[in-house]
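Peer 1: Here you go, sequence then predicted model.
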Amino acid sequence: PDRALLVAGYWGQVAFAKMVRRLLAAVPALKLDVVCGENDEARHRLDAAYRGDGRVTVHGLVDSLAPLMTRCGSVITKPGISTLVEAHAAERATFILRGMPVAEDNNARFAMEHWGAERFTVRGFRRWHRQQQPAGPADTR
């Protein structure tokens, strides 16, 4: 649960820098794999901003999300069908960002109704993350 995959398509539809900043502020222990795809500008900007920060690993184009999902407990994504199917198959908690109207709206609705995905909010993600933490020692007083 302390590692998340942020993937949002190839065309700059998500403000990656803002998302990363918000996530790290909300969950300081979080480590992020960020897939920017063909969005070279976002990749370069994130590389520069988080160089040396072990919490953020930035990726450009990847052949498959599977190796990244293997090490991540959750996926934050636009509702592209292939990413939703991969996240569901990997049994990862899935948080959905706003996507392209109509087609991705339908994908999001299906994933939320049938696979337990939820709309991404920082509050919702933080709640999920806290629920994944092991319970502390029982109070024996």
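Peer 2: Looks like it came in fine. Fair warning: this is a prediction, and the values are worked out from it, not measured in the lab.

Peer 1: What is the burial count for residue 95?
Peer 2: Burial of residue 95 is recorded as 21 neighbouring residues (other C-beta atoms under 10 Å). Any C-beta I mention is one placed from the backbone N, CA and C, and that applies to glycine too.

Peer 1: in the chain, which helix has the most residues?
Peer 2: In the chain, ranked by residue count with DSSP state H as the criterion, the top helix is helix 103-115.

Peer 1: State the distance from the residue nearest the centre of the chain to residue 134.
Peer 2: Nearest residue to the geometric centre of the chain (C-alpha atoms, centre = their mean): residue 76, 2.5 Å. Distance from residue 76 to residue 134, counting by C-beta to C-beta, to the nearest Å: 23 Å.

Peer 1: Quick check: which ranges of the protein have low pLDDT?
Peer 2: Flagging of the chain using pLDDT under 70 yields the residue ranges 9-13, 136-141.

Peer 1: what about the closest residue to residue 32 other than its chain neighbours, neighbour count?
Peer 2: Leaving aside its chain neighbours, residue 32 sits nearest to residue 56 (5.1 Å; criterion: C-beta to C-beta, 6 or more residues apart in numbering). Using other C-beta under 10 Å, residue 56 is surrounded by 20 other residues.
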